[in-house]
Structures are given as C-alpha cells and as structure tokens.
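>>> Here you go, sequence then predicted model.
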Amino acid sequence: MKLRSFAGFVGPSVFLMLALLALPMLMTVVLSMRNCALEMELVTVQQTGPFGAHEVTTQRAKVDASGQAVQTCQWVGLEYYRKVLGLEKPAAGAGGTAGAAGAVPSPAGQPTEFFSALRFTLLYVAATTPFVLGGGLALALAMNRVTQRLKAVFIAASLLPFIITPVVGALAIKWLFRDNGLVPHVLGGMGIEVFWMAQAWSAQLLVILYGIWHVLPFAFIVFYAGLQGVPQDALEAATIDGATNGQKLRYVTLPHLMPLVVFVLMMHLMDAYRVFEPVMVLTQGAFTTSVQYLTYHVLLQEDNPYKASAASVLTIIGIALLLIPLLRKTWREQRQGH
Amino acid sequence: MTLRRRSLLLATAAAPAGAHLGTRASGLACPNIGGTGEVHLIGNSFPAVAHIAAIAEGCARPGFKVVFKLTPQARVETEQAFGAEGRSPFDAAVVSMGVFSNLYARRQLQPLSDLVQTFGSRYRLEEKMLVRVDGEVMAIAFMQNTQNLYYRADLFAKHRLAVPADYAQMVQAAAVLQRQEPSITFPIAQGFAKGFDCATEFTNILAGLGGRFFQPGGALPAFNGADGVQAVAVMRSLMPYMTPNALASNSDDVVNQFQQGKAAMGVLWASRASRMDDATASKVVGQMAFAAAPAARAGGRGAAHLWWDAVVLPRNNPRQREATFHVLMEGLSEAAVKTGNDLGIWVRSVYSPGRFGTGVALSQRAGAPVWPSEPFFSLAHGEVGKLLPEALAGERTPQAVLDAAAAAYLRSATEKGFIRRGATA
C-alpha cells in the first residue's frame, strides 16, 4: 500500500486519538503540576435570610478593578503527586498538641490513604479477575451446549447484569443486602445473621461479588463468540484420536481462545483498577476505599481539579504497570507473527 | 440523571402542579414573560424542586424555551458552570446554603436587588425569602430544612418512655426498648454513612456541645479539640443501639428502617417526614411522631442546624437575567407553594405546615443554629466525613482521626488559598 493511501486510511483515526485521548492526557499532566487559588480576604458581613439576621466573619475573594475575583496560579511541580502518595514532609511547626483546639497535627506515622486505597483496589482486581475469566468461560462453554431454541433466552438473561448501568446495578444489590433486604432475611431464616456492610471482610466481599456479577457477562459473551470460531475439523480429529473432552478443551479450544482471554483480561484489569460505583453505592467507601474514590474525593470534596489530575495520572500509571506483562506478551506474539 | 428518575420525580410533582398548570392552558400563566430566548436552569432532584421545575418549564412558548435540569449532581455542575471562564450554561440554579456560601465567597453570584426592587411586589416576595449580604439581595430562599427527632409514639407510650431531650436520654430509652420490645433489635436509626451523613451528624453534635469548627476569625481548624472528641464519643454511644450496618446507612436507609418498623427513634431530615405515612412503603403509618433534635448534653440546645435552599443567578451569564427571574418567580409563586404544599417545608407564609412540616419550627425553638456559612467549611466537612468512620468503627482513636482530618483539611484549605502557606495554630 502506498504511503499516501495508508495515511489517508489511518489519518482520521490517529487525529481523533490524538485529539480525544493524547491531548486530554497531556492537559491532565500539565494541570497536575499547577495550582490556582483565589486571593481571599477576611470580611465580616451581615447576612439575613429565612432564619433572621446574623453577623458572619468569613473570607471572600478579592476583586480587581473590573470586579473580577483575583486568582493566582503557579507551578507546583510534583508537589501534588507527593501529597496524593502521602510522601510530603510536614510543614515546619506543624506537629500539633493532641487535644488542644486548633492544633495542626502531623500525619507522620499513619499509613497513607493512597496506599490503603491501593491495597483494596489491588485486592479487588486480584479477586475478581479469576472469577470473571473462569466463570465467563464456563458459562460460554455451557451455553455452547444448550439447544438453539433456548440460547437466545439464556444469552439475554446472562447479559442483563452487564446491560444495567453500574449505579443502578449496585443499588439493586445494596437493596438485596442491606437491613431488611432479601439476602439477610433468607439467611436469617436459616439462623445465619450477617451484616454485610458492618465490617471490612463482608463489605469488601460484597463489592467483589458485585464486580464479578457485573463483568462476568462481558467475558461470557466474548468467549461465546470465540467458541463459534473454534475449527470443527480440529475438534473432530481430536475426537477420532481418542481425546477426552478435557483434552479437547485444553489442546484445541483454549489455544484458539487465548487472544480473547488476553483481551478480556486487559479490559477487566483496566476497569477493575478504576472500581468506583459499587464502592460509592454499596458501602459509601466504608472499609472499601479505592484509588478512584480518593480521586473523586479530591475533585468534589476538596474541589481541587489540580490535585485530582495528579491522582488521575497516578491511576493511569497504576493501570499501565498492571498491563505491562500482557502488553509484553502481545508484543512478543505480534513480532513472532502469531 | 436517568430519564426514568426524572419522569418519576416529575410525576411526583405533577399532581399538585397540575392545578397551577391548568391556568396555563387559559393563557394566564407566566404573563410577565415576553419576547424570545432560552432559559436554562439546574437544581437537585428532589420533589419540591421537581415541582418548581414543572411550573417553570410550563412558561415555555413558541420562541421561548425553558429547560430545567434535575440532577443529583447539581452542586458539582452548578459550581463548575458558575466558575467557568466563559459563559455559564445555566441562567440560574437552585442551591443549598452551603453551596451559596461557596459561590458568594468566590464572587460568582449576580446581585438581584434591582430585580427584586422592580418586580418583587408583583410576585409578593416576602422579606424572609430574600437572602441579603450587607443589604444586597444575593439569593431568594424558598425552602427550609433541618434535622429533628423521629420516634415511634406507639412504642414510647407502650413502654412509658419520655421523649428524649438529649442524647443521654435517647441512649437510655434505646436500652429499654432493646431489652423490652421484641419487635425492635436496633432501636436507633441515624445517618452515619461515611461522607456527608456522618460529617453532618458530627457537625450537629459539635455545635450542640458548644464546640467550634474553626478558630475564631480564621480558617484554622478547631474541630479536633476536646469538644470534637466529645462529639465523637456521643456518636459512638449510639452505635450499640444501631444496626451494625450504620456506617453505610444514609438517609434513604434510615427511612427504610423506620418504614419497616425496625427502628424506634433517630435524628433525620425534617423533609423526609411525610414518607413515614406513605402507605405503599411504610408499615408504621400514623405511628411516627416528631420532636426537636436532642441536645448533645443535658439542658443544651438542639443538636441540629437550620438550612435553606434558594435560587441564584451566575455572574458569568447576565444575558437573560430578567426572563430568568420571571420564570423562577413563577416556580416560587404563592400558587406554586399552595399546590405543592406537602412537597417541602416552604419559606412563604402561605405554606401550611401539617404533621410533617413541624421539624424546622421544632429545631428552631430548640435553639438550632444556622448551618455554617464559611466557604472553607465544606472542605473540613468533607475530610471529617471521609475519616470519621474509622473512629466510629473503633479502628483508630477519635483524637487520632480528628487530628488526621484536621491535617488533611489544613492541606486542602492551604491549596485553595484560605490559609496562607506555613500558617499553624
């Protein structure tokens, strides 16, 4: 293919990827090294409203001659990265006296929030991945044996958890497991009392169960599609050679599906590392703080898009690190012409 | 927000709004709006705002479009829109007083004094609706809210219990019910979920103890002092009588526990009261009663805060300000309040509080203060909400958790410019 034709085909795609992926990522990196803050002044104002009048001593942005709030921006380098990772040095004199009102305490000696969140995030990734892959494959193999007439019904039913938006799905699961929910009610009838959101193990298990329930259909449908392309002649030859079902699965079907396994694995690793909705809805973050929850907190509670950008970049780096082995494997296979 | 949720909310609001909308068919609605254009509004998705939205959107006519976006993310979208470098995509927003404080401090609001002066009498605006800062009208309040005590009147009567006036009495009553009432395992239900809910409870109890969030005249934290530790102790004293799931129980879960008859008392938003008698979901219709929020200590004031919701206009979009004002005033009119009387606790005098609308008056009489209005308060509130569950769960001491929250707040407030770098106590 001529270079011009090649460029004509891939050009639009490359342009869109640069504009919609590379540029925003670059902007995020730039933002993560800046900070902008309004210049505030102390004021005492008289405020009146539905509950009467009261005097408030507060802060208000200074304004310039045109009435616009004055904002100062500066480069902060890697400061926000250090803060998100909990590596910043306490400010001089910041060690407070415990118990005294207004003391400014030192965070030294505490495990950083980021690493606590990273620990749960990696647990979630590690716990959901084998079940998503194994369960998805098992379901696909089972579906492959179901009669044609029932397949449509079973496939539609199996895909439901994946079709439902994550927040709605998480809410449905929460209502099943919270006080007075169906699951505690049924378990209670059997003499088993579990408060699912009351301690770390059960809250984390609940989020992990949700993750498996929600993503497994995706793995299933991909593997099921892959199974339709398994060469029947190879399977028949294996049968004639006396191979058992297990041997046919191991030596014929799985090698054929392996590129799809790698694909599902990569997609799931990326998604699982960004786990957020079940954390927010099922437990509101109690016992299950994830890396993405921290980014959400920084952006919306601390109202700091600059620090949130640093947290986002760290998330991308985390995902990239997780994907390195798979990317290396894929790269090697591509080079070998597989 | 999903279309389905919006439909549900509008359907909830549609019935009472119907009477008002009926006048529109006759051409009498929104008579002050002329010309063409578009008005875009945003507000949180709860029934009272959906009611206002339905009426406001009814002002649309050929050449004049009104779009009211109802979303649970209204705070975030409003702050982003009002703080944008360019023009805000919204001409007005419904905000709570906490958001109002942030927007006002950043100088992102338009004064409304001229519009109120010109059109106020036409819409019978009342002085108590006008949120003034140093005399300038910056917002128009329409709804109020607070937390107050919900309790099962039937069970309290059965066990001859007095309505608790403070948290110590509440714990005593809970202990009696836990021992003697077979239908109740966990007598207290209260929103202790990580984040907004538990931080709000802490704020209420800290204020009830006479404690301060910040040092006087500044933004340096004070909530990690002795009163803060005591406030956490009060919260922890309730936990043996609450579901073990309490740290994941938000207001919706608390309502569910009351409705299912599984809890006998607790402090909850006054605006949720009418759901106790929703026969389609509640097993305790007619059995819940309401009282002022309990004091944090014997003889103290009610440990709650008073809130209002208001409409504001952004400084960065004055394009349709007059038309926007007229649309909003239609939604906040006396007729709108009358038709949506039971959807909220309205500020207007025509509002007629029923059994469920007494919460604000009860808490106000009990001495509840107005919700803190410092623009840096939401930062401190957010950090407390994130870390407090560790103290409530017993993973760390209250002092350690409050110190960590104070340190985190100090960092974020410094980054936002509320505290100069290097400042300490």
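Nice, I can see it.
>>> List the contacts of B:Glu77.
B:Glu77 sits next to B:Ile42, B:Lys69, B:Thr71, B:Phe90 when contact means CB atoms under 8 Å, 6 or more residues apart in numbering or on different chains. For glycine as for every other residue, the C-beta is placed from the backbone atoms N, C-alpha and C.
>>> So which of the residues you listed are in helices?
Residues of these located in helices (DSSP state H): none.
>>> Next step: these restricted to strands.
Among those, the members found in strands (DSSP state E) are B:Ile42, B:Lys69.
>>> So which of the contacts of B:Glu77 sits lowest on pLDDT?
Least confident by pLDDT among the contacts of B:Glu77: that is B:Thr71, with 90.
>>> tell me, which of the contacts of B:Glu77 make contact with chain A?
Among these, proximity to chain A is found for none (CB under 8 Å from any CB of the partner chain).
>>> how about the helices in the stretch 51-200 of chain A?
Residue ranges of the helices in the stretch 51-200 of chain A, as given by DSSP state H, counting those that start in this stretch, are A:79-85, A:113-145, A:148-163, A:166-177, A:182-189, A:200-227.
>>> circling back: which of the contacts of B:Glu77 lies closest to A:Thr112?
Distance to A:Thr112 across the contacts of B:Glu77 (CB to CB) is lowest for B:Thr71, with 33.3 Å.
>>> List the buried residues in whichever strand in chain B runs longest.
In chain B, with assignment by DSSP E, the single longest strand is strand B:136-145. Buried residues in strand B:136-145, counted by 16 or more other CB atoms under 10 Å in any protein chain shown: B:Val137, B:Met138, B:Ala139, B:Ile140, B:Ala141, B:Phe142, B:Met143, B:Gln144, B:Asn145.
>>> try stretch A:175-182
A:Phe177, A:Arg178, A:Asp179, A:Gly181.
>>> Adding distance to chain B and pLDDT, write the residues you listed out as a markdown table.
Below are the buried residues of stretch A:175-182 laid out as a markdown table (distance: CB to the nearest CB, whole Å; pLDDT from 0 to 100):
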| residue | distance to chain B | pLDDT |
| --- | --- | --- |
| A:Phe177 | 9 | 94 |
| A:Arg178 | 6 | 91 |
| A:Asp179 | 5 | 89 |
| A:Gly181 | 9 | 91 |
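>>> Go through those and say which is closest to A:Ala203.
A:Phe177 (9.9 Å).
>>> can you pull out the helices in the stretch 201-350 of chain B?
Using DSSP H, counting those that start in this stretch, helices in the stretch 201-350 of chain B cover B:226-238, B:251-259, B:321-331, B:334-339.
>>> so who does residue 137 touch?
Here I'm looking at chain A. With CB under 8 Å, 6+ apart, A:Leu137 has these contacts: A:Ala219, A:Phe220, A:Phe223, A:Leu257, A:Val261.
>>> that's the other chain; I wanted chain B
Residues near B:Val137 by CB under 8 Å, 6+ apart: B:Pro111, B:Leu112, B:Ser113, B:Val116, B:Leu130, B:Val131.
>>> Pull the number of nearby residues for the third one.
Right, the one you point to is B:Ser113. When neighbours are defined as other CB atoms under 10 Å in any protein chain shown, B:Ser113 has 15 of them.
>>> Could you report the separation of it from A:Ala61?
20 Å (CB to CB, to the nearest Å).
>>> And the second one, by the same measure?
With distances defined as CB to CB, the gap from B:Leu112 to A:Ala61 amounts to 19 Å.
>>> same deal with the last one?
Between B:Val131 and A:Ala61 the distance is 18 Å, computed by CB to CB.
>>> the more surrounded of the two?
B:Val131 (24 against 20).
>>> Tell me both backbone torsions, phi and psi, for that one.
Main-chain torsions, B:Val131, degrees, to the nearest 10: phi -90, psi 110.
>>> Could you pull up the residues touching it?
Applying CB under 8 Å, 6+ apart, the residues near B:Val131 are A:Gln47, A:Thr48, A:Gly49, B:Phe100, B:Val137, B:Met138, B:Ala139, B:Ile140, B:Ala141, B:Trp308, B:Ala310.
>>> repeat that with 10 Å
Listed by CB atoms under 10 Å, 6 or more residues apart in numbering or on different chains, the contact partners of B:Val131 are A:47-50, B:97, B:100, B:104, B:109, B:112, B:137-141, B:308, B:310-312.
>>> again, but for A:Phe177
Per CB under 10 Å, 6+ apart, neighbours of A:Phe177: A:183-184, A:187, A:194-197, A:202-203, A:206, A:209-210, A:282, B:245, B:248.
>>> Of those, which is the nearest to A:Ala22?
Closest approach to A:Ala22 among those (CB to CB): A:Tyr210, at 32.9 Å.
>>> In three-state terms, how would the residue nearest to the closest one when sequence neighbours are not counted be classified?
Closest residue to A:Tyr210 apart from its sequence neighbours, by CB to CB, 6 or more residues apart in numbering or on different chains: A:Pro278 at 4.3 Å. What DSSP: H, G, I helix; E, B strand; the rest coil gives for A:Pro278 is helix.
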